[in-house]
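Asks: sequence first, predicted model second:
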Amino acid sequence: DQWEAYFVEQFFTEPEGETLGSYHYSTKKNAEVIIRHDGSFDSYCKSVHQNEHTPCIHVVRDEKRYLYFPELKDCCQCCQGKGCGGILKKDWLKEAEYLGRIITEEGLELEKWTIQARSKIFYYNLAEEKRMPFIIHHVGKDQMLFDVDSFKTTIRDESVFDIPEQCSVSKPCPENPCNP
């Protein structure tokens with residue numbers, strides 16, 4: 001297995017604009033949650049609320065993806081089913097091409113991978129037993145740079161994986177931002 005069954009890690013994004021966030025992952029709950037403090041730099045979030053600097057949360061659960069805007073009390077279903085992708089599997093890198101090891105300027109040893117999904121993805125993890133995510137780079141979109149010091153394999157509040165009450169399969173996102 002590549003990933004822990006359960007983890008949370010803080011990140012920031014670039015290059016379009018920097019925003020902070022956190023990535024929550026649980027195979028037990030079949031869910032992942034990506035919290036962005038400012039969704040205006042995320043291609044999915046900004047397609048729903050353009051030019052609004054407001055938090056946006058991707059809630060992926062049971063092969064459905066919702067975009068939730070807590071400050072606006074708004075939510076829409078982005079996609080569902082196999083085309084939606086569901087959560088990343090623990091061993092999602094078994095389909096990826098291993099590109100070798102690199103050393104960062106700070107002296108960290110990373111493993112580098114690439115995989116073709118909807119867009120080309122470069123993935124870097126620490127080259128150690130836990131293989132903590134370090135960078136996920138969606139070419140042509142954004143790059144998530146993870147703070148490995150924030151990596152935890154326990155999550156204090158599992159309600160982070162709950163689907164917010166404002167979210168419903170009967171309220172699709174406009175223009176289907178999650179479909180290619």
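Replies: The structure has been received and is ready for your questions.

Asks: can you list contacts of the helix or strand of the chain with the lowest mean pLDDT?
Replies: Ranked by mean pLDDT, DSSP states H and E, the weakest helix or strand in the chain is helix 43-48, scoring a mean of 88. Contact with helix 43-48 is made by 36, 39-40, 56, 58, 67, 69, 74, 76, 78, 141-142, 173-175, 177-178, as judged by Cβ atoms under 8 Å, 6 or more residues apart in numbering. (Each C-beta comes from the backbone N, C-alpha and C, glycine too.)

Asks: ok, stretch 81-100 next?
Replies: Against stretch 81-100 from outside (Cβ under 8 Å, 6+ apart): 1-5, 25, 27, 30-32, 60-65, 78-79, 111-115, 117, 123, 178-179.

Asks: so where is the protein shaky, pLDDT-wise?
Replies: 1, 15-17, 83, 85, 179-180 (pLDDT under 70).

Asks: contacting residues around the residue most central in space within it?
Replies: Closest residue to the average C-alpha location of the chain: residue 34 at 4.8 Å, with Cα atoms, centre = their mean. Residue 34 makes contact with 21, 22, 23, 24, 57, 58, 60, according to Cβ under 8 Å, 6+ apart.

Asks: where's it, which helix or strand?
Replies: strand 31-36 (DSSP states H and E).

Asks: can you list the strands that that strand pairs with?
Replies: strand 20-26 (antiparallel), strand 56-61 (antiparallel) (DSSP bridges).

Asks: can you tell me which of these is most buried?
Replies: strand 56-61 (a mean of 23; mean count of other Cβ atoms under 10 Å).

Asks: outside of that strand itself, list whatever touches it.
Replies: Contact with strand 56-61 is made by 29-36, 38-39, 42, 44-45, 49, 65-70, 78, 84-87, 161, 163-164, 167, as judged by Cβ under 8 Å, 6+ apart.

Asks: cool, and stretch 167-176?
Replies: In contact with stretch 167-176 (Cβ under 8 Å, 6+ apart) are residues 47-48, 59, 64, 66-68, 75-80.

Asks: can we see that at 10 Å?
Replies: The contact list for stretch 167-176, computed with Cβ atoms under 10 Å, 6 or more residues apart in numbering, reads 44-45, 47-48, 57, 59, 61, 64-68, 74-80, 163, 178-179.

Asks: likewise stretch 146-156?
Replies: Counting by Cβ under 10 Å, 6+ apart, 4-12, 20, 22-26, 29, 33, 108, 124-126, 128, 130, 132-136, 161 sit against stretch 146-156.

Asks: out of these, which sit inside strands?
Replies: Within these, residues falling in strands by DSSP state E are 6-12, 20, 22-26, 33, 124-126, 133-136.
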